[in-house]
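Visitor: Model the structure of this input:
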Amino acid sequence: MPLLYINGRVAGPHKATKNPNLGSRTVLTDSHWEYVSLWLRREQKPNALLYWQQAHTFAQAAEGMPVSSAPLLLYYSFMNATKALLSAKSIPFDEHHGIRSHNMRGASSKIALSNEGVRILQRGIAPALSQYLNETESSTTHSMEALLFNLPCIHRTFCLTYKNQKDLFIPLTDCRLEFDPVTSTTYFCGKISKDFVGPESLRRLPPSLLVDLELNDGRSIRSTATAILTRPEAKTAVERASVAALLRELRPDLNYIFGAQTLWYVKAIVPGPARLKRSPLTCTLLAMHRLSEICRYRPVELASFLNGQKNWLLTEFIRMSPRQFLDEISAELTGQQFMLPNVRPST
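Guide: Down below sits the predicted model:
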């Protein structure tokens, strides 16, 4: 099938969930903070800029901090970056966290990620972010284990920590949009990584994706949803809006990891902790909030976590989530995609 083009470029999945600037060139920068600050100034968003600058200050202060102290500063960085997003998009929100701890221990006194919980309130920053991203998760209480399980940037670490856990995120290659001239539709397609090829991976695809029987190679998948177009190029605003709606429908089941290259993953159906219908942005904000509270009020328990069997998982979350969260929130703010400069993707 012919590829779909936008502005002369091959179209594919986009990092921005809500309002992707389709067809725009990728931003090459080693400072998301600076680029977004300049973008907010150009867009005349003074309140959002103030929140963004505060987020940057907290992030800078967290650099070099030990993992036992960093969560407090990182949470306030994440929270203010979220406020910048909501303010820039003119989304009203109550000026409080919108999250609180949730006791999942019952009669047990055991300190574990599986019974360390959070609750999302009806109003506040966290629920406003969830509503903005159109999340469909019905539960408002989650364990730390479930939140960390739903983050692609630390998923390999999670599965190495919980050795019997099957992968929730299946890596993809050759992600793109194709155009079918017979039906005048556009759809997403990609290939499951060779390391994950097999009937089990195909059986665990979410309902939004299916095996591409026409290619019949055991790797190719495509979206069940399509966008109606009349040609293999989205030129008009209406055509691009149709493509954006298709991508927005798929994004709950397509997540990525930021790096020298953008790595895309299918969020599969798998037994284990809850498969949450939440964005990694929300999961990261919730998890870091809980860690920041433990850091402030229960440092002995945090030390127990960091000295226990899950210490590598928590350390990776504290070290890896800031750059991933920054890339995701920057994409949502600007509608653009970011990559590190001077790195040429492999072909």
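
Visitor: Grab the most central residue of this protein for me.
Guide: Centrality entry for the chain: nearest residue to the mean C-alpha point is P280, 3.5 Å, by C-alpha atoms, centre = their mean.

Visitor: That one: what's it in contact with?
Guide: Contacts here follow C-beta atoms under 8 Å, 6 or more residues apart in numbering; on that basis P280 touches 150-153, 255, 324, 328. Where C-beta positions appear, they are placed from N, C-alpha and C, glycine not excepted.

Visitor: so T185 makes contact with S223?
Guide: No: judged on C-beta atoms under 8 Å, T185 makes no contact with S223 at a distance of 10.2 Å.

Visitor: Look at these two and report which has more neighbours.
Guide: Shown here are T185 and S223; by other C-beta atoms under 10 Å, S223 has more neighbours (23 against 16).

Visitor: Now the more buried one. Its backbone dihedrals?
Guide: phi -80, psi 150 (degrees, to the nearest 10).

Visitor: And the one 5 residues further on, by the same measure?
Guide: Backbone torsions of I228, given as degrees, to the nearest 10, read phi -90, psi 120.

Visitor: and if you look at P2?
Guide: phi -70, psi 150.

Visitor: Quick check: pLDDT value at it.
Guide: pLDDT recorded at P2 is 93.

Visitor: before we move on, the earlier item: most neighbours of all the contacts of P280, which one?
Guide: Busiest of the contacts of P280 [other C-beta under 10 Å] is N150, holding 27 neighbours.

Visitor: Got the domain ranges for this structure?
Guide: What automatic domain parsing lists as the domains of the chain is 5-18+169-267, 31-164+274-339.

Visitor: got CSV for those, with distance to S24 too?
Guide: Shown next, in CSV, are the domains of the chain (distance: least, C-beta to C-beta, whole Å):
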stretch, distance to S24
domain 5-18+169-267, 7
domain 31-164+274-339, 6
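
Visitor: Over the longest strand that the chain contains, what's the mean pLDDT, rounded is fine.
Guide: When the chain is parsed with DSSP state E, its longest strand is strand 169-180. Taken as a whole, strand 169-180 carries a mean pLDDT of 96.

Visitor: same check, this time on stretch 53-70
Guide: 94.

Visitor: residues in contact with it?
Guide: 33, 37, 73-74, 76-81, 84, 295, 299, 302-303, 306, 314-315, 318-319, 322, 326.

Visitor: ok, and for it, which residues are buried?
Guide: By neighbour count on 16 or more other C-beta atoms under 10 Å, the buried set for stretch 53-70 is 54-56, 58-59, 62, 67-68, 70.

Visitor: elements contacting the lowest-mean-pLDDT helix or strand in the chain?
Guide: Within the chain, no helix or strand scores below helix 299-306, which has a mean of 78 by mean pLDDT, DSSP states H and E. Here helix 299-306 touches helix 280-297, helix 311-334, going by 3 or more C-beta pairs under 8 Å, 6 or more residues apart in numbering; DSSP states H and E.

Visitor: Buried residues, it. List them.
Guide: By 16+ other C-beta under 10 Å, the buried positions in helix 299-306 come out as 302, 305-306.

Visitor: if we take the residues you listed, which one ends up nearest to R251?
Guide: Closest approach to R251 among those (C-beta to C-beta): F305, at 31.3 Å.

Visitor: Could you tell me which residues make contact with the closest one?
Guide: 111, 113, 294, 311, 314.

Visitor: Which two of those have the greatest separation?
Guide: I294 and N311, at 13.9 Å, using C-beta to C-beta across the contacts of F305.

Visitor: Which one of these two is surrounded by more residues?
Guide: Neighbours per residue (other C-beta under 10 Å) separate I294 from N311, with I294 holding more: 23 against 14.

Visitor: Kindly provide the whole-number mean pLDDT of stretch 280-295.
Guide: 95.

Visitor: Now do P341 against R248, distance only.
Guide: 28 Å (C-beta to C-beta, to the nearest Å).

Visitor: I meant Y76, not that one.
Guide: Distance from Y76 to R248, by C-beta to C-beta: 30 Å.

Visitor: Compare those two (neighbour count), which wins?
Guide: In terms of neighbours (other C-beta under 10 Å), Y76 is the more surrounded of Y76 and R248; the figures are 20 against 17.

Visitor: any idea how far the more buried one is from S130?
Guide: Taken as C-beta to C-beta, the span from Y76 to S130 is 19 Å.

Visitor: wait, which of the buried residues of helix 299-306 is closest to Y162?
Guide: Distances from Y162 to the buried residues of helix 299-306, taken by C-beta to C-beta, are shortest for F305, at 14.9 Å.

Visitor: ok, back up a step: where does the residue nearest to the centre of the chain sit relative to P322, distance-wise?
Guide: 13 Å.

Visitor: cool, I170 as well?
Guide: 25 Å.

Visitor: now do Q60
Guide: From Q60 to P322 the distance is 11 Å (C-beta to C-beta).

Visitor: before we move on, back to that, mind giving me JSON lines with the buried residues of stretch 53-70 and columns for secondary structure and distance to D212?
Guide: Putting these into JSON lines (DSSP: H, G, I helix; E, B strand; the rest coil; distance: C-beta to C-beta, whole Å) gives the following:
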{"residue": "Q54", "secondary structure": "helix", "distance to D212": "47"}
{"residue": "A55", "secondary structure": "helix", "distance to D212": "42"}
{"residue": "H56", "secondary structure": "helix", "distance to D212": "43"}
{"residue": "F58", "secondary structure": "helix", "distance to D212": "45"}
{"residue": "A59", "secondary structure": "helix", "distance to D212": "42"}
{"residue": "A62", "secondary structure": "helix", "distance to D212": "44"}
{"residue": "V67", "secondary structure": "coil", "distance to D212": "43"}
{"residue": "S68", "secondary structure": "coil", "distance to D212": "48"}
{"residue": "A70", "secondary structure": "helix", "distance to D212": "44"}
